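Student: sequence and predicted structure below; questions after.
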Amino acid sequence: MRAMVLDEPGRPLRAAELADPEPGPSQVLVRVDACGVCRTDLHVVDGELADPKLPLIVGHQIVGTVEGGGGSRFELGERVGVPWLGWTCGVCRYCRSGRENLCDEARFTGYQLDGGYAERTVADERFCIALPLEYPDVQAAPLLCAGLIGYRSLRLAGDAERLGLYGFGASAHIVAQVARAEGRRVFAFTRKGDDAAQQLALELGAEWAGDALGPAPEELDAAIVFAPSGELVPAGLRAIAKGGTLVCAGIHMSDIPSFPYELLWGERVVRSVANLTRRDGEEFLALAPRVPVRTEVEPFPLERANEALERVRDGEVRGAAVLVP
Ligand SMILES: [Zn+2]
Ligand SMILES: [Zn+2]
(Lines give C-alpha, C1' and ligand atoms only; values in the text may rest on other atoms or scores of the structure.)
(Ligands and ions follow the chains in the order given, each with its own letter.)
Protein backbone atom coordinates (compact mmCIF):
# COMPACT_ATOMS: atom_id res chain seq x y z
CA MET A 1 0.00 0.00 0.00
CA ARG A 2 1.00 3.62 -0.45
CA ALA A 3 1.58 5.57 2.76
CA MET A 4 3.08 8.84 3.96
CA VAL A 5 5.54 7.98 6.72
CA LEU A 6 7.04 10.06 9.53
CA ASP A 7 10.58 8.74 10.11
CA GLU A 8 11.57 11.37 12.64
CA PRO A 9 9.85 14.48 14.04
CA GLY A 10 10.83 17.68 12.29
CA ARG A 11 11.19 16.00 8.90
CA PRO A 12 8.63 16.01 6.07
CA LEU A 13 6.59 12.85 5.57
CA ARG A 14 8.09 10.36 3.14
CA ALA A 15 6.06 8.66 0.42
CA ALA A 16 6.52 4.90 0.84
CA GLU A 17 5.24 1.59 -0.46
CA LEU A 18 4.51 -0.71 2.52
CA ALA A 19 2.97 -4.15 3.08
CA ASP A 20 -0.70 -4.03 4.08
CA PRO A 21 -1.11 -4.16 7.87
CA GLU A 22 -2.49 -7.37 9.40
CA PRO A 23 -5.47 -7.04 11.75
CA GLY A 24 -4.85 -8.39 15.26
CA PRO A 25 -7.50 -9.64 17.72
CA SER A 26 -10.60 -7.40 17.68
CA GLN A 27 -9.09 -5.26 14.91
CA VAL A 28 -10.56 -4.55 11.52
CA LEU A 29 -8.55 -4.00 8.34
CA VAL A 30 -9.79 -0.74 6.86
CA ARG A 31 -9.39 0.62 3.35
CA VAL A 32 -8.93 4.36 3.86
CA ASP A 33 -11.37 6.34 1.70
CA ALA A 34 -10.62 9.72 3.28
CA CYS A 35 -8.54 10.99 6.20
CA GLY A 36 -8.90 14.43 7.71
CA VAL A 37 -5.84 16.55 8.49
CA CYS A 38 -5.83 17.84 12.07
CA ARG A 39 -3.61 20.39 13.77
CA THR A 40 -2.62 17.58 16.14
CA ASP A 41 -0.98 15.84 13.15
CA LEU A 42 1.23 18.90 12.84
CA HIS A 43 2.12 18.79 16.54
CA VAL A 44 3.18 15.14 16.10
CA VAL A 45 5.16 15.85 12.94
CA ASP A 46 6.83 18.88 14.54
CA GLY A 47 7.85 16.86 17.62
CA GLU A 48 5.68 18.83 20.05
CA LEU A 49 4.07 15.64 21.43
CA ALA A 50 6.45 13.30 23.24
CA ASP A 51 7.37 9.77 22.18
CA PRO A 52 5.38 9.01 19.05
CA LYS A 53 5.64 5.52 17.58
CA LEU A 54 8.36 5.68 14.90
CA PRO A 55 8.26 5.25 12.02
CA LEU A 56 4.65 6.43 12.12
CA ILE A 57 1.69 6.96 9.85
CA VAL A 58 -0.19 9.97 11.25
CA GLY A 59 -3.88 10.78 10.72
CA HIS A 60 -6.82 10.15 13.05
CA GLN A 61 -9.95 11.20 11.18
CA ILE A 62 -10.29 8.10 9.04
CA VAL A 63 -13.32 7.21 6.96
CA GLY A 64 -12.92 3.76 5.49
CA THR A 65 -14.39 0.45 4.46
CA VAL A 66 -13.93 -2.79 6.40
CA GLU A 67 -11.93 -5.23 4.28
CA GLY A 68 -11.07 -7.87 6.87
CA GLY A 69 -10.83 -8.89 10.52
CA GLY A 70 -13.36 -7.98 13.17
CA GLY A 71 -16.91 -9.22 12.85
CA SER A 72 -18.35 -8.49 16.28
CA ARG A 73 -19.33 -4.89 15.49
CA PHE A 74 -18.65 -4.26 11.81
CA GLU A 75 -19.11 -6.48 8.77
CA LEU A 76 -17.05 -6.70 5.61
CA GLY A 77 -17.86 -3.82 3.28
CA GLU A 78 -19.28 -1.64 6.04
CA ARG A 79 -18.20 2.00 6.37
CA VAL A 80 -16.44 2.93 9.61
CA GLY A 81 -14.88 5.98 11.21
CA VAL A 82 -11.59 5.63 13.06
CA PRO A 83 -11.04 8.46 15.58
CA TRP A 84 -8.14 9.65 17.76
CA LEU A 85 -8.99 7.39 20.73
CA GLY A 86 -7.70 4.04 19.49
CA TRP A 87 -7.56 1.90 22.63
CA THR A 88 -8.01 2.17 26.41
CA CYS A 89 -7.30 -0.25 29.25
CA GLY A 90 -10.92 -0.52 30.38
CA VAL A 91 -10.01 -1.21 34.02
CA CYS A 92 -8.44 1.94 35.49
CA ARG A 93 -10.29 4.53 37.58
CA TYR A 94 -10.79 6.78 34.58
CA CYS A 95 -12.06 4.02 32.31
CA ARG A 96 -14.46 2.75 34.99
CA SER A 97 -15.93 6.19 35.62
CA GLY A 98 -16.88 7.21 32.08
CA ARG A 99 -13.64 9.13 31.56
CA GLU A 100 -11.77 6.84 29.21
CA ASN A 101 -10.44 9.97 27.48
CA LEU A 102 -8.12 10.35 30.50
CA CYS A 103 -6.90 6.71 30.65
CA ASP A 104 -3.15 6.64 31.39
CA GLU A 105 -2.71 3.61 29.14
CA ALA A 106 -4.76 5.02 26.24
CA ARG A 107 -3.32 4.73 22.77
CA PHE A 108 -4.09 7.24 20.09
CA THR A 109 -4.50 6.78 16.36
CA GLY A 110 -1.81 8.43 14.30
CA TYR A 111 0.40 8.88 17.39
CA GLN A 112 1.03 5.60 19.23
CA LEU A 113 -0.86 3.61 16.58
CA ASP A 114 -0.49 3.94 12.81
CA GLY A 115 -3.21 6.10 11.33
CA GLY A 116 -4.80 7.08 8.07
CA TYR A 117 -2.27 8.83 5.82
CA ALA A 118 -2.19 5.57 3.86
CA GLU A 119 -4.32 3.34 1.66
CA ARG A 120 -5.03 0.90 4.50
CA THR A 121 -4.91 0.77 8.27
CA VAL A 122 -6.01 -1.47 11.13
CA ALA A 123 -8.14 -0.34 14.06
CA ASP A 124 -9.73 -1.86 17.16
CA GLU A 125 -13.36 -2.15 16.11
CA ARG A 126 -14.55 -1.45 19.66
CA PHE A 127 -13.28 2.10 19.19
CA CYS A 128 -14.51 2.58 15.62
CA ILE A 129 -17.57 4.71 15.02
CA ALA A 130 -20.54 4.18 12.70
CA LEU A 131 -20.96 7.21 10.43
CA PRO A 132 -24.23 8.87 9.41
CA LEU A 133 -25.23 8.00 5.85
CA GLU A 134 -25.95 11.63 5.00
CA TYR A 135 -22.25 12.43 4.68
CA PRO A 136 -20.01 11.47 1.74
CA ASP A 137 -16.60 10.15 2.87
CA VAL A 138 -14.68 13.40 2.42
CA GLN A 139 -17.32 15.46 4.23
CA ALA A 140 -17.54 12.92 7.07
CA ALA A 141 -13.80 12.89 7.86
CA PRO A 142 -13.63 16.23 9.74
CA LEU A 143 -16.49 15.16 12.00
CA LEU A 144 -14.19 12.59 13.60
CA CYS A 145 -11.87 14.97 15.45
CA ALA A 146 -12.58 18.58 14.51
CA GLY A 147 -16.26 17.84 15.12
CA LEU A 148 -15.93 15.51 18.09
CA ILE A 149 -13.40 17.51 20.09
CA GLY A 150 -15.28 20.66 19.20
CA TYR A 151 -18.49 19.09 20.50
CA ARG A 152 -16.84 18.05 23.76
CA SER A 153 -15.40 21.56 24.15
CA LEU A 154 -18.81 23.09 23.59
CA ARG A 155 -20.36 20.85 26.24
CA LEU A 156 -17.63 21.81 28.73
CA ALA A 157 -18.18 25.49 27.99
CA GLY A 158 -21.61 25.16 29.64
CA ASP A 159 -24.86 26.68 28.46
CA ALA A 160 -23.28 30.01 27.54
CA GLU A 161 -25.47 32.22 25.37
CA ARG A 162 -22.65 34.42 24.04
CA LEU A 163 -19.87 32.13 22.82
CA GLY A 164 -16.44 33.24 21.60
CA LEU A 165 -14.48 30.93 19.27
CA TYR A 166 -10.75 31.71 19.11
CA GLY A 167 -9.21 30.37 15.91
CA PHE A 168 -11.67 29.66 13.13
CA GLY A 169 -10.39 26.50 11.45
CA ALA A 170 -11.74 22.99 11.04
CA SER A 171 -13.13 22.62 14.55
CA ALA A 172 -14.66 26.07 15.01
CA HIS A 173 -16.41 25.93 11.65
CA ILE A 174 -18.33 22.87 12.92
CA VAL A 175 -18.89 24.10 16.49
CA ALA A 176 -20.29 27.40 15.20
CA GLN A 177 -23.05 25.51 13.39
CA VAL A 178 -23.94 23.39 16.43
CA ALA A 179 -23.92 26.45 18.70
CA ARG A 180 -26.16 28.42 16.33
CA ALA A 181 -28.60 25.47 16.14
CA GLU A 182 -28.74 25.56 19.95
CA GLY A 183 -29.70 29.23 19.82
CA ARG A 184 -26.38 30.62 21.03
CA ARG A 185 -24.79 33.79 19.73
CA VAL A 186 -21.37 33.16 18.16
CA PHE A 187 -18.41 35.53 17.99
CA ALA A 188 -15.39 34.49 15.91
CA PHE A 189 -11.87 35.64 16.81
CA THR A 190 -9.18 35.09 14.18
CA ARG A 191 -5.69 36.22 13.32
CA LYS A 192 -5.65 39.90 12.51
CA GLY A 193 -6.64 40.47 8.90
CA ASP A 194 -7.66 36.86 8.22
CA ASP A 195 -10.53 37.91 5.97
CA ALA A 196 -11.18 34.40 4.62
CA ALA A 197 -11.70 32.88 8.09
CA GLN A 198 -13.81 35.84 9.20
CA GLN A 199 -15.93 35.58 6.06
CA LEU A 200 -16.50 31.84 6.63
CA ALA A 201 -17.48 32.51 10.25
CA LEU A 202 -20.06 35.09 9.21
CA GLU A 203 -21.44 32.74 6.54
CA LEU A 204 -21.88 30.05 9.20
CA GLY A 205 -23.89 32.29 11.49
CA ALA A 206 -21.38 34.16 13.63
CA GLU A 207 -22.74 37.63 14.28
CA TRP A 208 -19.29 39.17 14.56
CA ALA A 209 -15.79 38.23 13.40
CA GLY A 210 -12.61 40.10 14.18
CA ASP A 211 -9.09 40.21 15.58
CA ALA A 212 -8.46 37.75 18.45
CA LEU A 213 -6.14 40.13 20.29
CA GLY A 214 -8.37 43.17 19.88
CA PRO A 215 -11.34 44.01 22.10
CA ALA A 216 -14.46 41.81 21.98
CA PRO A 217 -17.56 43.63 20.70
CA GLU A 218 -19.40 42.78 23.90
CA GLU A 219 -19.01 40.62 27.00
CA LEU A 220 -19.04 36.84 26.37
CA ASP A 221 -20.34 34.01 28.58
CA ALA A 222 -17.76 31.45 27.46
CA ALA A 223 -14.87 31.07 25.07
CA ILE A 224 -13.25 28.10 23.35
CA VAL A 225 -9.63 28.49 22.27
CA PHE A 226 -8.83 26.29 19.27
CA ALA A 227 -5.67 28.05 18.11
CA PRO A 228 -2.46 26.72 19.78
CA SER A 229 -1.41 30.13 21.03
CA GLY A 230 -1.10 30.67 24.80
CA GLU A 231 -1.58 34.44 24.53
CA LEU A 232 -5.22 33.77 23.65
CA VAL A 233 -5.93 32.58 27.21
CA PRO A 234 -5.61 35.99 28.88
CA ALA A 235 -7.21 37.56 25.80
CA GLY A 236 -10.21 35.24 26.16
CA LEU A 237 -10.42 35.75 29.94
CA ARG A 238 -10.56 39.49 29.34
CA ALA A 239 -13.57 38.92 27.09
CA ILE A 240 -15.69 36.66 29.32
CA ALA A 241 -18.11 37.69 32.03
CA LYS A 242 -17.97 36.64 35.69
CA GLY A 243 -18.69 32.94 36.10
CA GLY A 244 -17.70 32.26 32.49
CA THR A 245 -15.59 29.33 31.30
CA LEU A 246 -12.66 29.38 28.92
CA VAL A 247 -11.95 25.99 27.32
CA CYS A 248 -8.59 25.19 25.73
CA ALA A 249 -9.43 22.67 23.03
CA GLY A 250 -6.01 21.82 21.62
CA ILE A 251 -3.58 19.10 22.68
CA HIS A 252 -0.64 21.49 22.59
CA MET A 253 -0.35 25.21 23.17
CA SER A 254 2.51 27.67 23.46
CA ASP A 255 3.14 28.87 27.03
CA ILE A 256 0.41 30.97 28.57
CA PRO A 257 1.82 34.37 29.53
CA SER A 258 1.36 35.45 33.14
CA PHE A 259 -1.68 37.60 33.74
CA PRO A 260 -3.22 39.52 36.66
CA TYR A 261 -5.38 37.45 39.00
CA GLU A 262 -8.13 39.95 38.34
CA LEU A 263 -8.75 38.26 34.96
CA LEU A 264 -9.59 34.97 36.69
CA TRP A 265 -11.38 36.49 39.67
CA GLY A 266 -15.16 36.47 39.63
CA GLU A 267 -15.35 32.67 39.40
CA ARG A 268 -14.07 32.51 35.87
CA VAL A 269 -12.82 29.03 34.94
CA VAL A 270 -9.98 27.95 32.66
CA ARG A 271 -9.94 24.29 31.66
CA SER A 272 -8.62 22.02 28.95
CA VAL A 273 -10.34 19.35 26.91
CA ALA A 274 -8.46 16.10 26.51
CA ASN A 275 -9.26 13.61 23.77
CA LEU A 276 -12.72 12.07 23.49
CA THR A 277 -14.79 9.21 24.77
CA ARG A 278 -16.73 6.75 22.64
CA ARG A 279 -19.87 8.25 24.09
CA ASP A 280 -18.90 11.68 22.71
CA GLY A 281 -18.60 10.00 19.32
CA GLU A 282 -22.04 8.43 19.48
CA GLU A 283 -23.69 11.63 20.69
CA PHE A 284 -22.04 13.93 18.20
CA LEU A 285 -22.52 11.71 15.16
CA ALA A 286 -26.20 11.39 16.03
CA LEU A 287 -26.45 15.16 16.42
CA ALA A 288 -24.48 16.28 13.33
CA PRO A 289 -27.03 15.31 10.66
CA ARG A 290 -29.86 16.78 12.74
CA VAL A 291 -28.26 20.26 12.95
CA PRO A 292 -27.40 19.67 10.07
CA VAL A 293 -23.66 20.30 10.26
CA ARG A 294 -22.15 20.93 6.82
CA THR A 295 -18.40 20.55 6.57
CA GLU A 296 -16.31 22.74 4.26
CA VAL A 297 -13.45 20.61 2.99
CA GLU A 298 -10.41 21.04 0.81
CA PRO A 299 -9.37 17.62 -0.57
CA PHE A 300 -5.75 16.71 -1.29
CA PRO A 301 -4.34 13.54 -2.85
CA LEU A 302 -2.40 11.41 -0.32
CA GLU A 303 0.95 12.30 -1.92
CA ARG A 304 0.37 15.98 -1.12
CA ALA A 305 0.07 15.40 2.64
CA ASN A 306 3.05 17.65 3.41
CA GLU A 307 1.48 20.50 1.48
CA ALA A 308 -1.86 19.95 3.26
CA LEU A 309 -0.08 20.12 6.65
CA GLU A 310 1.69 23.36 5.69
CA ARG A 311 -1.59 24.90 4.61
CA VAL A 312 -3.13 23.96 7.97
CA ARG A 313 -0.10 25.45 9.73
CA ASP A 314 -0.50 28.72 7.84
CA GLY A 315 -4.26 28.84 8.43
CA GLU A 316 -4.89 28.81 4.67
CA VAL A 317 -7.49 26.04 4.55
CA ARG A 318 -11.13 27.07 4.39
CA GLY A 319 -12.77 24.62 6.83
CA ALA A 320 -10.89 21.33 6.93
CA ALA A 321 -8.20 19.66 4.79
CA VAL A 322 -8.86 16.02 3.89
CA LEU A 323 -6.54 13.50 2.23
CA VAL A 324 -7.99 11.15 -0.35
CA PRO A 325 -5.72 8.13 -0.98
ZN1 LIG B 1 -7.91 3.03 31.51
ZN1 LIG C 1 -7.46 15.81 15.80
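Tutor: Okay, I see it. Ligands and ions are numbered 1, 2, ... in the order given.

Student: tell me the SS of residue 65?
Tutor: The local conformation at residue 65, judged by DSSP: H, G, I helix; E, B strand; the rest coil, is strand.

Student: before we move on, what about residue 86?
Tutor: Following three-state DSSP, we place residue 86 in the strand state.

Student: quick one: the residue sitting furthest away from the middle of the chain from ligand 2, how far?
Tutor: Counting by CA atoms, centre = their mean, the extreme residue of the chain relative to its mean C-alpha position is residue 262, 31.6 Å from that point. Shown here: residue 262 relative to ligand 2, a distance of 34 Å by CB to the ion, to the nearest Å. Glycine gets a C-beta too; all of them are placed from N, C-alpha and C.

Student: isn't there a helix covering that residue?
Tutor: Yes: using three-state DSSP, the assignment for residue 262 is a helix.

Student: residue contacts, it?
Tutor: Contacts of residue 262 were listed using CB atoms under 8 Å, 6 or more residues apart in numbering, and none were found.

Student: the longest strand along the chain packs against which elements?
Tutor: When secondary structure is assigned using DSSP state E, the longest strand within the chain turns out to be strand 27-37. For strand 27-37, the contact count by 3 or more CB pairs under 8 Å, 6 or more residues apart in numbering; DSSP states H and E identifies strand 62-69, strand 79-82, strand 120-124, helix 137-140, helix 305-313, strand 320-324 as packing neighbours.

Student: so for the spatially closest residue to residue 185 that is not a sequence neighbour, what's the pLDDT?
Tutor: Sequence neighbours aside, residue 162 is the residue nearest to residue 185 in space, at 5.0 Å (criterion: CB to CB, 6 or more residues apart in numbering). pLDDT, the model's per-residue confidence, is 98 for residue 162.

Student: residue 162 touches residue 223, doesn't it?
Tutor: No: with the criterion set as CB atoms under 8 Å, residue 162 and residue 223 do not qualify as a contacting pair; they are 9.5 Å apart.

Student: which one of those two has more residues nearby?
Tutor: For residue 162 and residue 223, the more surrounded residue by other CB atoms under 10 Å is residue 223, and the numbers stand at 30 against 21.

Student: which other residues reach the strand or helix carrying that one?
Tutor: Remark: residue 223 resides in strand 220-225, with elements defined by DSSP states H and E. The contact list for strand 220-225 (CB under 8 Å, 6+ apart) reads 150, 153-154, 157-158, 160-167, 172, 175, 187, 232-233, 236-237, 239-241, 244-250, 253.

Student: out of the residues you listed, which sit inside helices?
Tutor: 150, 153-154, 172, 175, 232-233, 236-237, 239 (DSSP state H).

Student: re earlier: contacts only, for the residue nearest to residue 185.
Tutor: The neighbours of residue 162, taking CB under 8 Å, 6+ apart as the test, are 184-185, 187, 218-222.
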